[in-house]
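Student: Sequence plus predicted model, see below.
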Amino acid sequence: MSIKVEIDEFHILHALKVRGFADAEQLSESVGMHAADIHSFLTTAGENGLVKHRSGRIKGFTLTSSGRDRHSQLLEAAVTTDRITALNPIYEAFLVPNRQFKKVTTDWQLIAKGDIGVVLPRLIDVHAQVSSILASASAVMNRFEYYQPRFDRSLNAFRSGEGGALARPLSDSYHDIWMELHEDLLTTLARERTDADE
């Protein structure tokens, strides 16, 4: 099955696998490519049965069964043993702020009552930790660098008073991006989610 668009097939299919559903503009933020080029890729990938488009409340492109198989092949080639060895301790380090971030979002939803100051200092601390983790991960696979500006944007929006920027679902909120990063690390390392990963 040939994809004729000269573009990084793995990065786009991987971002789509991690996101679940996404359009070209969203994928552009995940992979650092022009949305028009990604749209052309998705059109060709659709013709070749790798992706399909869905509309409705959750809309965008998603991988087909063939697309998931193709992604698995590309993932195996892209994630070498050396990269797995380097990323494993980075993932373990991620689990520390992951637990802290869960507490931040829980407190925001149940305790803060819209008062950003209740959780902002802890969110800033979590942000510093995940920024350091992303820097380490990016040194292993540079696609991880594209998470940083998205996290920065959501933090700044929340700090400026936009409460939904922390945890509003399906809005590229800080929580949305966090869940995407977590899934990305698990998928990249071919790890099954366990209680320790929550």
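Tutor: Yep, that arrived. Quantities reported herein were computed from a predicted structural model and do not represent experimental measurements.

Student: Other residues contacting stretch 91-107?
Tutor: 118-119, 122-123, 125-126, 129-130, 133, 136, 166-167, 175, 178, 181-182, 185-186, 189, 191, 196-198 (Cβ atoms under 8 Å, 6 or more residues apart in numbering). All C-beta spots, glycine's among them, are computed from the backbone N, C-alpha and C.

Student: Now that stretch: buried residues?
Tutor: 91, 93-94, 97-98, 101, 104-105 (16 or more other Cβ atoms under 10 Å).

Student: Please apply the same query to stretch 75-87.
Tutor: 75, 78-79, 87.

Student: which residues touch stretch 142-160?
Tutor: For stretch 142-160, the external contacting residues (Cβ under 8 Å, 6+ apart) are 11, 14, 29-32, 116, 120, 123-124, 127, 130-131, 134, 137-138, 165-166, 172-174, 177-178, 180-181, 184.

Student: Now do the contacts for the spatially closest residue to His71 that is not a sequence neighbour.
Tutor: Among residues not flanking His71 along the chain, Leu13 sits closest, at 4.4 Å (Cβ to Cβ, 6 or more residues apart in numbering). For Leu13, the contacting residues are 45, 50, 63, 67, 70-71, 74, by Cβ under 8 Å, 6+ apart.
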